[in-house]
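Novice: The following comprises the amino acid sequence and a computationally predicted model.
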Amino acid sequence: MLYREAGDYKTTYSDDNQTFPIKADRIGYYVILLVAFVVIPFLINDYWASAVLLPFLIYGIAAIGLNILVGYCGQVSLGTGGFMAVGAYATYKLMTAFPDLNILFVIIMSGFITAVVGVLFGLPSLRIKGFYLAVATLAAQFFLVWLFNRVPWFYNYSASGQINAPERTIFGYAVTGAESLPQATYLFCLVFLVICAWIARNLTRGSTGRKWMAIRDMDIAAEIIGVNPLRAKLTAFAVSSFFVGISGALFFSVYLGAVEVGEVFGINKSFLVLFMIIIGGLGSLFGSFAGAAFLVLLPVLLKNVLVGTMGWPTDLAAHLEIMIVGALIIVFLIAEPHGLAQLWRVTKEKLRLWPFPH
Amino acid sequence: MNTKFMTLALAGMMAAAPAMAELVIPSLTYRSGPYAANGIPTADGIADYYTLLNERDGGIGGEPINLIECETGYNTEKGVECYESTKGQGALVYHPWSTGITYQLIPKATADGIPVHSMGYGRTSAKNGEVFRNIFNYPANYWDGASHAINHLLDVNGGDLKGKKVALVYHNSAFGKEPIRTLEELGKKHGYELTLLPVDHPGQEQKSQWLQIRREKPDYVVMWGWGVMNQVAIQEAVNIRFPMENFIGIWWSGSENDVIPAGPKATGYKALTFHNIGMDYPLFDDMKKYVTDAGKSAGAGDQIGTVLYNRGLYSAMLTAEAIKTAQEIHGTKTPTPMQVRDGMEALEITEEKMTALGLPKFGPSFKVTCQNHGGDGLGAVAQWDGTAKTWTMITDYGPSDQDVIGALVEEDSMAYAKENNIEPGCN
């Protein structure tokens, strides 16, 4: 009744082609943006920023990046952790080499550096496909982590092999380092997320995205109709790695502040981000957000409910948390193999007809 | 939807936190994951000591202790979550029990004005209290440990290590990399040759490292391991018939859990320690009376008296003494985190104090000052008897090579001060 397209007349092609053709969607989008930019900064404290919102925003960017590669272009990648590490170490090297460079540019440059590395590791995708490509990207994951552990130049020869983010400011507000305010870090990451999502959305509905999807659906057919697989696959790797690199850069500089590559950017991270997009929905931007929210927020929520509210022992809660999240993943994937995004799509279809279904 | 529940959950948590005046001490533990075997006894030791104080003395200086456990799983991200969630409840001092999390907390806790006590782990150069105002790592640190191991080897070899080969098997993380610089410097001084053998987290697979040891036949192996890595390494050493008395672990590689799986063949394995072993202390009578027999033990209650349980207990004891000192200095029963910091900086552990606490000769005497947040760095060597399943101290507490370590601490802490624009000083 409320959610419908009836009465929403489009008189131009650009109106017809807009991202959110339904009015309720458009309003919802602006309301969410308004809440995220204007309301939430007034409500958050250190806990909400560092434990809940920052990880959600940053994993959201990583999930969008991986979704472009896996969901839109069909190239399975297990190297996300390694590419995030490239972003993080690039940020660290740039931050320490050029202390006066604005952190905003440092992070964008880290994204570009990661894109180059991603293209390099994406080259094998022209010859190998499917599970074999997954193994090749797995090699990237292990190689990159090994590299950052092995070559002291990357961590500026520090005794512990850790990298630490010095304080950097934007408009006089610290966004990295210990003195940063939760509002500043939150808004900083939010701006990156919104821009990344906006770019991703427009890329995927333009000709580039159509080429990716053609390659995904059937690469030989795509080649016959004139899609250059070399360009399509490598642009997917480049764009995907760019986003993943930005998320790695933010993960290190804004969220954690100190990073140990083996622990933070290990193979677990690659799987985590892959699970996010599988649960959220492959080939869907909303799915990236939903998956990130599901896997980041649910454990924190469960911990707070089980330990904070119900007062259970922490170890029991930790074990139960793994079991509950695991069980929910199975339930969701049985109920809807195409992820949370498909669930949302079906809900919207139903809502359009509600309350008078055929 | 999630957000709504989160709000409810958080509101519930806030409401559940009692508003009455008490001493809030968070305990970041890991009772799950690949490091649980070592995390559980440590956490139990801490919890039991505070329970004892609450039950017997009504807390510290009559003020009850509220110990908040938070599960980190030895994972940095969860550690950050734990820090942020407990910070708001008035946490007085943090014990991260993980070098990685300590590195996270050093800048955060300093900015928030909360002290951190990383006992025998964390950033070694935090010993320089003029730079690391809020960070304490008494009574000993990794570089002391590295020096103790080499000192022991010097003792065994009549003071000469020239031409000997020493291999370091280490957890490939900030924790494991800490001793490398010191061991290299000491190698220059004493003329031994150092081989580095990193083991990646979590360390269940070490075949190649031990194959290399078998091939290169180092005279001694020093290990910086934690969690499941210890058990695997000791088992592998047994498998390649490495002489166990030439195998020395840091204090984090010297608990019962690490050696028991390898059976009687692990006999002779040595580990460093900075506190005593066993239950032969008057304090444990009180522990039995007020905690164990009263059914108030933490966890399963089966860890009492193990090496890591004692370490947890020792850490809790040092914190309690620091809070006591803070209460005396500032004349208040409920010190603020910064006042607790002052207490830690003025902490003096003497033999009389330890005897009065029921722990005579449990640990070395030491004194913390503003310049020295790391104590005197005394340490000893313990040896494992796999048949009797007991650790025995085979040396007294000895000093570490402060000539080498002091210079390294100065260098590393000054580099940190420069990076972070800290003006070293005691005010």
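Specialist: Cool, the structure landed.
Novice: For the nearest residue to B:Glu256 once chain neighbours are set aside, give me its contacts.
Specialist: Using CB to CB, 6 or more residues apart in numbering or on different chains and skipping residues adjacent in sequence, the residue nearest B:Glu256 is B:Thr306, 5.2 Å away. Just so you know, the C-beta spots here come from the backbone N, C-alpha and C atoms, and that holds for glycine as well. Listed by CB atoms under 8 Å, 6 or more residues apart in numbering or on different chains, the contact set of B:Thr306 reads B:41, B:255-257.
Novice: One more: B:Asn276?
Specialist: With CB under 8 Å, 6+ apart, B:Asn276 has these contacts: B:310, B:361-363, B:393.
Novice: Need the contacts of B:Thr306 in CSV (columns: neighbour count and secondary structure).
Specialist: Listed next are the contacts of B:Thr306 as CSV, based on neighbours: other CB atoms under 10 Å in any protein chain shown; DSSP: H, G, I helix; E, B strand; the rest coil:
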residue, neighbour count, secondary structure
B:Pro41, 26, helix
B:Ser255, 27, coil
B:Glu256, 20, helix
B:Asn257, 19, helix
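Novice: Just give the number of residues close to the residue of the stretch 151-300 of chain B found nearest chain A.
Specialist: Closest to chain A within the stretch 151-300 of chain B is B:Ala174: 3.8 Å, counting by CB to the nearest CB. Residue crowding around B:Ala174 was assessed by other CB atoms under 10 Å in any protein chain shown; the count is 26.
Novice: Just the pLDDT at it, thanks.
Specialist: B:Ala174 carries a pLDDT value of 86.
Novice: how about it, what does it touch?
Specialist: Per CB under 8 Å, 6+ apart, neighbours of B:Ala174: A:160-162, A:260, B:99-100, B:103.
Novice: Which of those fall within helices?
Specialist: Mapping the contacts of B:Ala174 onto helices (DSSP state H) picks out B:99-100, B:103.
Novice: Counting neighbours, what do you get for residue 72?
Specialist: Using chain A here. So A:Tyr72, with other CB under 10 Å, has 26 neighbours.
Novice: was after chain B, sorry
Specialist: B:Thr72: 28 neighbours (other CB under 10 Å).
Novice: Please give me every residue in contact with it.
Specialist: B:28-30, B:78-79, B:82, B:96-98, B:101.
Novice: Need phi/psi at it.
Specialist: Backbone torsions for B:Thr72, taken as degrees, to the nearest 10, come to phi -100, psi -20.
Novice: Quick one: residues contacting A:Asp8.
Specialist: A:Asp8 neighbours (CB under 8 Å, 6+ apart): A:21-23.
Novice: switch the cut-off to 10 Å
Specialist: The contact partners of A:Asp8, by CB atoms under 10 Å, 6 or more residues apart in numbering or on different chains, come to A:15, A:21-24, A:26.
Novice: and the residues you listed, which of them are in strands?
Specialist: With strands taken from DSSP state E, there is no overlap with these.
Novice: From the contacts of B:Ala174, pick the one nearest B:Ala388.
Specialist: Distance to B:Ala388 across the contacts of B:Ala174 (CB to CB) is lowest for B:Thr99, with 32.3 Å.
Novice: Tell me, how many residues neighbour that closest one?
Specialist: When neighbours are counted by other CB under 10 Å, B:Thr99 comes out with 27.
Novice: Show me what from the stretch 101-250 of chain A comes close to chain B.
Specialist: A:142, A:145-146, A:149-150, A:152, A:155-167, A:174, A:177-180, A:182 (CB under 10 Å from any CB of the partner chain).
Novice: Test my guess that B:Thr267 contacts B:Ala388.
Specialist: Yes - at 8.9 Å, B:Thr267 and B:Ala388 qualify as touching, with contact defined as CB atoms under 10 Å.
Novice: between those two, who's got more neighbours?
Specialist: B:Thr267 (18 against 10).
Novice: For chain A, tell me which of the contacts of B:Thr72 show up nearby.
Specialist: B:28-30, B:78-79, B:82, B:98, B:101.
Novice: In strands, which of the residues you listed appear?
Specialist: Per DSSP E, those map to strands at B:28-29.
Novice: Adding pLDDT, distance to A:Leu298 and neighbour count, write the ones next to chain A among the contacts of B:Thr72 out as a markdown table.
Specialist: Output for those, formatted as a markdown table (pLDDT from 0 to 100; distance: CB to CB, whole Å; neighbours: other CB atoms under 10 Å in any protein chain shown):
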| residue | pLDDT | distance to A:Leu298 | neighbour count |
| --- | --- | --- | --- |
| B:Leu28 | 93 | 21 | 26 |
| B:Thr29 | 92 | 22 | 29 |
| B:Tyr30 | 92 | 20 | 29 |
| B:Lys78 | 91 | 14 | 22 |
| B:Gly79 | 91 | 19 | 27 |
| B:Cys82 | 92 | 17 | 28 |
| B:Ser98 | 91 | 24 | 28 |
| B:Ile101 | 91 | 22 | 29 |
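Novice: just for the chain, where's the confidence low?
Specialist: Unless you meant another one, I'm taking chain A. Within chain A, the set of residues satisfying pLDDT under 70 comprises A:1, A:358.
Novice: The intended chain is chain B.
Specialist: For chain B, the ranges with pLDDT under 70 are B:1-21.
Novice: for the helix or strand A:Val31 falls within, packing partners?
Specialist: Using DSSP states H and E, A:Val31 falls within helix A:23-34. Packing partners of helix A:23-34 (3 or more CB pairs under 10 Å, 6 or more residues apart in numbering or on different chains; DSSP states H and E): helix A:339-353.
Novice: List the buried residues of the helix it packs on.
Specialist: Using 16 or more other CB atoms under 10 Å in any protein chain shown as the test for burial, helix A:339-353 gives A:339-345.
Novice: tell me the angle of that helix relative to helix A:23-34?
Specialist: Angle, helix A:339-353 to helix A:23-34, by axes from the mean of the first three to the mean of the last three CA atoms, to 10 degrees: 130 degrees.
Novice: May I see the contacts of B:Asn276 organised as JSON lines, with distance to A:Met310 and secondary structure added?
Specialist: Output for the contacts of B:Asn276, formatted as JSON lines (distance: CB to CB, whole Å; DSSP: H, G, I helix; E, B strand; the rest coil):
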{"residue": "B:Asn310", "distance to A:Met310": "32", "secondary structure": "helix"}
{"residue": "B:Lys361", "distance to A:Met310": "43", "secondary structure": "coil"}
{"residue": "B:Phe362", "distance to A:Met310": "37", "secondary structure": "coil"}
{"residue": "B:Gly363", "distance to A:Met310": "38", "secondary structure": "coil"}
{"residue": "B:Met393", "distance to A:Met310": "44", "secondary structure": "strand"}
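Novice: Just among those, which is most surrounded?
Specialist: B:Asn310 (28 neighbours).
Novice: what kind of secondary structure is the closest residue to B:Val381 other than its chain neighbours in?
Specialist: Closest residue in space to B:Val381, ignoring its immediate chain neighbours: B:Thr395 at 4.7 Å, by CB to CB, 6+ apart. Look at B:Thr395: counting by DSSP: H, G, I helix; E, B strand; the rest coil, its state is coil.
Novice: Next: B:Gly163.
Specialist: coil.
Novice: quick one, strands of the chain?
Specialist: Because you didn't say which chain, this covers chain A. So, for chain A - with DSSP E - the strands run A:163-164, A:169-170, A:173-174, A:258-259.
Novice: try chain B instead
Specialist: Using DSSP E, strands in chain B cover B:23-29, B:65-71, B:116-117, B:135-136, B:165-171, B:193-199, B:220-224, B:247-249, B:270-273, B:348-349, B:366-367, B:380-385, B:390-393.
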